[in-house]
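Enquirer: Let me see the structure of the following:
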Amino acid sequence: TRTVMAVPSAHPTDHFSAPPSISSSPSISSHPTTFDYSFERNILIKLFESTNGNEWLNNINWNTSVPICNWFGISCIESNTVIESLQLQNNNMDGTLPSEIASLNVSQILLDNNKLHGEIPKEMWSMEILKGLSLSQNSLTGTLSSEIWLLADSLNYLWVNENNISGSIPTEIGSLNSLQWLWLDNNNLTGAVPSEIGLLTSLRSLRLHGNNFSAGPIPEEVCGLRGDDVSTLEWLWADCGKNDCRCCTRCCVDGAKCAPPST
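Expert: Model prediction:
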């Protein structure tokens with residue numbers, strides 16, 4: 001049975017269910033395999049070494065001869081011949097993400113609430129089947145790459161909130177046709193909120209608060225996602241004092257003290 005780790009907690013209000021592919025807790029596969037994962041094993045060992053794996057809260061079977069589908073936080077499918085996801089949230093990972101991680105053919109990477117720092121490797125934006133990326137609650141820096149458009153046909157959720165990411169939101173983000181959850185709050189993002197977010201017609205949750213965006217209203221194209229009977233955008237959070245937002249479901253002050261907009 002496949003099990004997957006918990007998602008980053010939502011605020012008590014506007015709580016919503018996570019993507020259906022994510023369930024509750026990390027696991028170790030109960031079906032040992034002899035499938036040759038030497039390539040993937042080398043990449044995972046690189047991750048282990050670059051994030052101080054000996055000090056992880058749980059590193060059961062990592063960096064051993066045990067098949068990697070039995071390593072903590074690795075989820076495999078198809079009789080353990082395909083690695084599906086890497087799920088190591090809340091695990092005291094301390095270090096940087098190696099660029100080699102992008103060579104894993106996985107659909108989910110969940111590494112939130114650790115001590116990761118440095119930049120998100122640019123190679124990760126070209127992981128062809130990546131459906132979910134959660135790097136929330138770390139100390140990551142750098143910018144969001146314009147190459148994010150390479151995930152247009154796959155990415156379902158992107159959670160990079162509560163880091164130190166800077167720069168502007170790339171306009172190419174409007175190419176992410178399948179995106180449903182976009183959490184960018186509590187970073188150091190600047191510039192204008194791009195109107196191209198209004199192209200994300202599958203979007204359910206958008207969190208923008210706690211950044212340094214240019215003063216001005218949230219684009220009408222973004223508000224348009226909440227403007228008709230067929231719209232899917234249910235949750236929109238922003239700093240309404242700086243970015244007037246007639247369509248927000250929560251208005252925040254300095255990335256916190258979020259409440260329904262006054263009427």
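Enquirer: how about the closest residue to residue 221 other than its chain neighbours, secondary structure?
Expert: Distances taken as Cβ to Cβ, 6 or more residues apart in numbering put residue 198 closest to residue 221, at 2.8 Å, once the chain neighbours are dropped. Quick note: C-beta positions are derived from backbone N, CA and C, even for glycine. Of the three states, residue 198 takes helix under DSSP: H, G, I helix; E, B strand; the rest coil.
Enquirer: gap between residue 198 and residue 122?
Expert: In this structure, residue 198 and residue 122 are 26 Å apart, going by Cβ to Cβ, to the nearest Å.
Enquirer: what about these two, which has more around it?
Expert: Counted by other Cβ atoms under 10 Å, residue 198 and residue 122 do not tie: residue 198 has more neighbours, with 19 against 15.
Enquirer: Would you map the helices across the chain?
Expert: Secondary structure of the chain (DSSP state H): helices at 38-50, 220-223.
Enquirer: Would you mind giving those as TSV with mean pLDDT added?
Expert: TSV is the format used below for the helices of the chain (pLDDT from 0 to 100):
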stretch	mean pLDDT
helix 38-50	95
helix 220-223	94
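Enquirer: Single out the most deeply packed of these.
Expert: helix 220-223 (a mean of 18; mean count of other Cβ atoms under 10 Å).
Enquirer: which residues touch that helix?
Expert: 193, 195, 196, 197, 198, 199, 206, 236, 245, 246, 247 (Cβ atoms under 8 Å, 6 or more residues apart in numbering).
Enquirer: how does it look with 7 Å?
Expert: For helix 220-223, contacts defined as Cβ atoms under 7 Å, 6 or more residues apart in numbering pick out 193, 195, 197, 198, 246, 247.
Enquirer: The fourth one: what's it in contact with?
Expert: When contacts are counted by Cβ under 7 Å, 6+ apart, residue 198 is found next to 219, 221, 222, 224, 225.
Enquirer: How about the contacts made by the first one?
Expert: Listed by Cβ under 7 Å, 6+ apart, the contact partners of residue 219 are 193, 195, 198.
Enquirer: And the second one, what's its pLDDT?
Expert: Predicted confidence (pLDDT) at residue 195: the value is 96.
Enquirer: mind checking how far residue 188 is from residue 210?
Expert: Taken as Cβ to Cβ, the span from residue 188 to residue 210 is 9 Å.
Enquirer: Which one's more surrounded, those two?
Expert: Shown here are residue 188 and residue 210; by other Cβ under 10 Å, residue 210 has more neighbours (22 against 14).
Enquirer: ok, now which ones touch the more buried one?
Expert: So, once contact is read as Cβ under 7 Å, 6+ apart, residue 210 ends up touching 185, 186, 252, 254, 255.
Enquirer: which ones are touching the first one?
Expert: When contacts are counted by Cβ under 7 Å, 6+ apart, residue 185 is found next to 161, 207, 208, 209, 210, 237, 255.
Enquirer: Let's see that with 10 Å instead.
Expert: Listed by Cβ atoms under 10 Å, 6 or more residues apart in numbering, the contact set of residue 185 reads 136, 159-163, 206-211, 237-239, 252, 255-256, 258.
Enquirer: if you look at those residues, which of them are in strands?
Expert: Under the assignment DSSP state E, these contribute 159, 206, 207, 237, 238, 252, 256, 258 to strands.
Enquirer: The third one pairs with what?
Expert: Residues found in beta-bridge contact with residue 207 (criterion: DSSP bridges) are residue 183, residue 237.
Enquirer: neighbours around it, how many?
Expert: 25.
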